[in-house]
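**Q** My questions concern the predicted model and sequence given below.
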Amino acid sequence: MNYCTNKFLVFLFVNTISTLNAFGQSVNNPSLQSNQLLGANWIGDAKVQPTNDSLMYEDDPAPLFRKSFAVTKKLKSAVLYITAAGYYNASLNGNKIGKNFLDPAWTSYAKRIYYSSYNITSNILPGLNCIGVSLGNGFYNPLPLKMWGNLNLRDKLSIGRPKLIAKLVLTYADGKVDSIKTDATWKVTDGPIIRNNVYLGEVYDARKEIKNWDKASFNDASWSSAIIFDGPGGQLQKSFFPAIQETEKLQPLSISSPKKDVWVIDMGKNFTGLYKIKLQGKPGNKINLRFGERIYKDGQLNPMTSVCGQIKSKGVGGKGAPAIAWQTDQYIFGQDSAIWYTPTFTFHLCRYIEITGLAKAPTKKDIIGLMLHTNVTDAGSFSSSSVLLNDIQKAAKLTFVDNLMSVQSDCPARERFGYGGDLNATSEAFIYNYNMHDFYKKTVYDWVDAVNDSSFIDVAPYTLKYCGISWESAVITTQEHLLNYYNDTAIVRALYQFDINWMEKAARILPEGITHDGLADHESLITVPVELIGTSHYLKCAQIMKRFANIMNDETHALAFEKLEQTLSTILTNLFWKNKYLAPINRQTQFATLLYYNLIPANEKKAAVDSLLNSVKDGINEHFTTGIFGTKYILEALSEAGHVEDVYKIVSSKVFPGWGFMIDKGATTLWETWKESENTFSNCHPMFGTVTEWFYRWLGGIRAMPNYPGFTKFIIAPYLPADLLHVNCNYQSPNGLISSNWIKKSKNVYQFNITVPANSEAFIKLPFKDFSKISITRFKNNKPITTNSSKLNFNLNQGNYQITVNTLNDTNL
């Protein structure tokens, strides 16, 4: 079928804006401060990278750098600015600086590198002091592992030997300023971390420890001078988003020994991070640790769902790679016979930790789990009278933070990549639960740095491409979420020309409008054509860009995007609604997508909803069979059509396929697939976490109004399932806390406790057919003022309210 051509849009885009930022060039973030590292040099050690891949798996000690300096006058302030290509760990006089782990955040180092600042005034000593820095490989110096047998990150990323740049600014009471900058006067030597990799783990050889190396009294005469290098090329910018930090300590749930001299620690839940372990041994003794999400029936560790890049047999990972690329750490004892050990330059996803090499059985006091993730703050909370719903909510939230390690990943073990498809599916669910504003700004710029001008990519920072527009379009959709939820118009204005250029690229790649290539409804239990999913994401981008053009008062492009929206809407409606689609397709995803994007004519919408309901009845156990996008769409489409109860029954069921099935099988995080996997698929994958968005939107009823960004006006319209007794739902909007809590007080009495923040207005929609009385109590200066309402729908301004509804019978919902 020959649809309306998109070529006129290419012509319009190219000829309307003549000074566009070219893809492949870093687009500056105007909100960031100027570079405070001016004058400092990038420094590293003198080691040369092996040319043979197999040699990269041999010992390569992480370098230690040190710089002594004297403070001889009264100090007013001391601020350290520092970053690295790779990871750094900094100390002052032997004490760790700051709370960050795995810093700096992963970026395209050739385009952009973020640095951190630390006020260390109170830690500076009179007289001599010493800064110490160790460097890890991070994603700047990855191993040549061939993920899935073909993807070598060294072929995709900006790479090199780890290096650092730093400047300590000392401001004295007399107003004078000194700067200690990285240069050739810094000293460097090899440290005890002899191997480190983000996937395979760390080997620490305590025999190579250098006592007091980062203290001023240490004699570094035998150390080498640091080497000055060119930097990776990326623009240095001050970090503006939360860093990776420790957020929780975990105590073991149990310790077992499935076979002689093997110990398996159950940490109680699937978490991303590290651990602190008490070890005892003699010089040269080796303690080995492995990590996994599961155990086998015999109690032994099952690490196979968290293996890097599905490298599970000899030769798949390339020369020198392990036959199975599981997560491991090793500690080799030196002179100290009793120590506490925590790795530095890696992280793991696990519920279970296997330990071998111990001389005696470990106790629960000997190990502490350290949850690490980008330290986003809570923005929302949801709980209810249903234990199962609460467990699903907990699992979703844990899955989300497990996948926040400076990028939002699809799984925090096997890949660790920032996939755009997962962003498109789950970003609103993340936003309801956490303050994602600054993190998603960083994410958008990751995509800006990653995209090219000729094809669609899957992840940012860039490592691979095959998924198509449904993944790369996250660069546009995430900007709209920043607008809708945080009223962030600045990023829209800053990236408008970039966005125009991106749409022009999309028009070149898709001259007929329809999408034929890429991944569709990933992990749907029934086939879904990319023509449906990809084209609908292109449609979404057209709608967003029409809105952005109106914000920019760009009438020409607003008209162009409106025409594109009409063209794509016609394509989708004709192909998937008006004409009977005969090829294999998941009918649930088909009808949910059409309804979600409002593509069905008003007079035919009931027929579409009925078709969707029938497709659910035809599904496995009358449950959803949708994938990454279809699940989000079906939750919303059925609820919007008035079938919240049908959705609730599926969500609150323990039958396969569903969230309750996962929880019933012992899951503490959400799976990548509806089916349980013991070998291939991740047990910690956020894409089905869209259910938590549904909790907030439909059980709590808190819904944004896109025409009023930042929740200046919003809807509270909770649904009250018959067997749910109460819901507590809160969301921290830019203007303050929004609360929508309700409880069934008795058979015919319901109470709603609602908070509307300052400078905001809520449109309340109570879910009843009829009532005998509605009383609204507003608490002002701790004094209740009660009035009666004759309406189920009304507006509330700033304040705390208690609304009591007496219904006429028990069937009003």
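**A** Here it is on my side, so go on. Numbering: from 1, shown residues only.
**Q** what ranges do the helices span in the stretch 651-800 of the chain?
**A** Counting by DSSP state H, counting those that start in this stretch, the segments of the stretch 651-800 of the chain that form helices are 659-664, 690-694.
**Q** For the ones you listed, give me JSON lines that also has distance to residue 91 and mean pLDDT.
**A** Quick note: C-beta positions are derived from backbone N, CA and C, even for glycine. As requested, these are exported to JSON lines (distance: least, Cβ to Cβ, whole Å; pLDDT from 0 to 100):
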{"stretch": "helix 659-664", "distance to residue 91": "42", "mean pLDDT": "98"}
{"stretch": "helix 690-694", "distance to residue 91": "39", "mean pLDDT": "98"}
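**Q** I'd like to know which of those is closest to residue 742.
**A** helix 690-694 (16.4 Å; Cβ to Cβ).
**Q** Which elements pack onto the closest one?
**A** helix 387-402, helix 420-433, helix 630-640, helix 644-651 (3 or more Cβ pairs under 8 Å, 6 or more residues apart in numbering; DSSP states H and E).
**Q** Could you give the bridge partners of the spatially most central residue of the chain?
**A** For the chain, the residue nearest the mean C-alpha position is residue 408 (2.4 Å; Cα atoms, centre = their mean). On the basis of DSSP bridges, residue 408 is bridged to residue 404.
**Q** hey, which strand is longest across this protein?
**A** Using DSSP state E to define each element, the chain has its longest strand at strand 262-280.
**Q** tell me the most buried of the helices of the stretch 651-800 of the chain?
**A** The highest average neighbour count among the helices of the stretch 651-800 of the chain, using mean count of other Cβ atoms under 10 Å, belongs to helix 690-694 at a mean of 24.
**Q** re the thing from before, okay if I get the helices of the stretch 651-800 of the chain as a markdown table plus distance to residue 771?
**A** What follows is the helices of the stretch 651-800 of the chain, written out as a markdown table (distance: least, Cβ to Cβ, whole Å):
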| stretch | distance to residue 771 |
| --- | --- |
| helix 659-664 | 33 |
| helix 690-694 | 26 |
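**Q** Distance to residue 685 added to the helices and strands packed on helix 690-694, as TSV?
**A** Formatted as TSV, these follow (distance: least, Cβ to Cβ, whole Å):
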stretch	distance to residue 685
helix 387-402	7
helix 420-433	8
helix 630-640	12
helix 644-651	18
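**Q** quick one, the longest helix along the chain and helix 630-640 angle?
**A** Longest helix in the chain by number of residues, with DSSP state H as the criterion: helix 530-551. Relative orientation of helix 530-551 versus helix 630-640 (axes from the mean of the first three to the mean of the last three Cα atoms, to 10 degrees): 70 degrees.
**Q** For helix 530-551, buried residues please.
**A** Buried residues in helix 530-551, counted by 16 or more other Cβ atoms under 10 Å: 530-549.
**Q** Can you name every helix or strand that that helix contacts?
**A** helix 469-472, helix 474-486, helix 489-494, helix 496-509, helix 555-573, helix 587-596.
**Q** Just the angle for that helix relative to helix 587-596, thanks.
**A** Put simply, helix 530-551 runs at 20 degrees to helix 587-596, going by the same axes, to 10 degrees.
**Q** what pLDDT, on average, does helix 530-551 get?
**A** The pLDDT scores in helix 530-551 average 98.
**Q** Now do it against helix 474-486, angle only.
**A** 50 degrees.
**Q** now the angle from helix 530-551 to helix 555-573?
**A** Relative orientation of helix 530-551 and helix 555-573, computed by the same axes, to 10 degrees: 160 degrees.
**Q** give me the low-pLDDT residue ranges for the chain?
**A** 1-34, 810-813 (pLDDT under 70).
**Q** Which one of the helices and strands packed on helix 530-551 lies nearest to residue 250?
**A** Minimum separation from residue 250 across the helices and strands packed on helix 530-551 (Cβ to Cβ) falls at helix 474-486, 30.8 Å.
**Q** Show me what that closest one is packed against.
**A** Counting by 3+ Cβ pairs under 8 Å, 6+ apart, the packing neighbours recorded for helix 474-486 are helix 420-433, helix 437-450, helix 489-494, helix 496-509, helix 530-551.
**Q** Hmm, residue 347 is touching residue 198, no?
**A** Yes. The criterion here is Cβ atoms under 8 Å, and residue 347 meets it with residue 198 at 7.0 Å.
**Q** quick revisit: between the helices of the stretch 651-800 of the chain, which one is nearest to residue 640?
**A** Nearest to residue 640 among those is helix 690-694; the distance by Cβ to Cβ comes to 11.1 Å.
**Q** distance between the ends of stretch 174-189?
**A** Terminal residues of stretch 174-189 lie 37 Å apart, using Cα to Cα, to the nearest Å.
**Q** now stretch 42-56
**A** Stretch 42-56 end-to-end distance (Cα to Cα) = 23 Å.
**Q** still on that earlier bit, and the longest helix of the chain with helix 496-509, angle?
**A** Following the same axes, to 10 degrees, one obtains 150 degrees for the angle between helix 530-551 and helix 496-509.
**Q** chain center to helix 530-551, what's the gap?
**A** Offset of helix 530-551 from its chain centre (Cα atoms, centre = their mean, to the nearest Å): 23 Å.
**Q** next one: stretch 639-653
**A** So, by Cα atoms, centre = their mean, the centroid of stretch 639-653 is 27 Å from its chain's centroid.
**Q** picking that back up, looking at the helices and strands packed on helix 690-694, which is buried most?
**A** The most buried one of those (mean count of other Cβ under 10 Å) is helix 420-433, showing a mean of 26.
**Q** what distance separates that helix from the centre of its chain?
**A** With Cα atoms, centre = their mean, you get 8 Å for helix 420-433.
**Q** who's in contact with the residue lying closest to residue 477 once chain neighbours are set aside?
**A** Nearest residue to residue 477 in three dimensions, chain neighbours excluded: residue 424, at 5.6 Å (Cβ to Cβ, 6 or more residues apart in numbering). By Cβ atoms under 8 Å, 6 or more residues apart in numbering, the contact set of residue 424 is 470-471, 473-474, 477, 537, 629.
**Q** what do you get for residue 585?
**A** Residues in contact with residue 585 (Cβ under 8 Å, 6+ apart) are 526-529, 532.
**Q** what about burial for those, which qualify?
**A** 526, 528-529, 532.
**Q** those strands in the stretch 251-400 of the chain, which residues are they?
**A** Applying DSSP state E, counting those that start in this stretch to the stretch 251-400 of the chain gives strands spanning 254-259, 262-280, 286-292, 294-295, 301-302, 328-332, 338-341, 348-356, 367-374, 380-384.
**Q** which other helices and strands contact the first one?
**A** Judged by 3+ Cβ pairs under 8 Å, 6+ apart, strand 254-259 is in contact with strand 262-280.
**Q** And the strand it packs on, how far out from the chain middle?
**A** 23 Å.
**Q** ditto for stretch 357-364
**A** For stretch 357-364, the distance to the chain centre is 35 Å (Cα atoms, centre = their mean).
**Q** Could you tell me the end-to-end distance of it?
**A** Stretch 357-364 end-to-end distance (Cα to Cα) = 17 Å.
**Q** Tell me which residues of it come out buried.
**A** Those would be 357-358, 362, for stretch 357-364 by 16+ other Cβ under 10 Å.
**Q** before we move on, back to that, export the strands of the stretch 251-400 of the chain to TSV and tack on mean neighbour count and distance to residue 690?
**A** Formatted as TSV, the strands of the stretch 251-400 of the chain follow (neighbours: other Cβ atoms under 10 Å; distance: least, Cβ to Cβ, whole Å):
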stretch	mean neighbour count	distance to residue 690
strand 254-259	13	33
strand 262-280	21	19
strand 286-292	21	27
strand 294-295	20	24
strand 301-302	20	28
strand 328-332	21	34
strand 338-341	14	39
strand 348-356	24	21
strand 367-374	22	20
strand 380-384	21	14
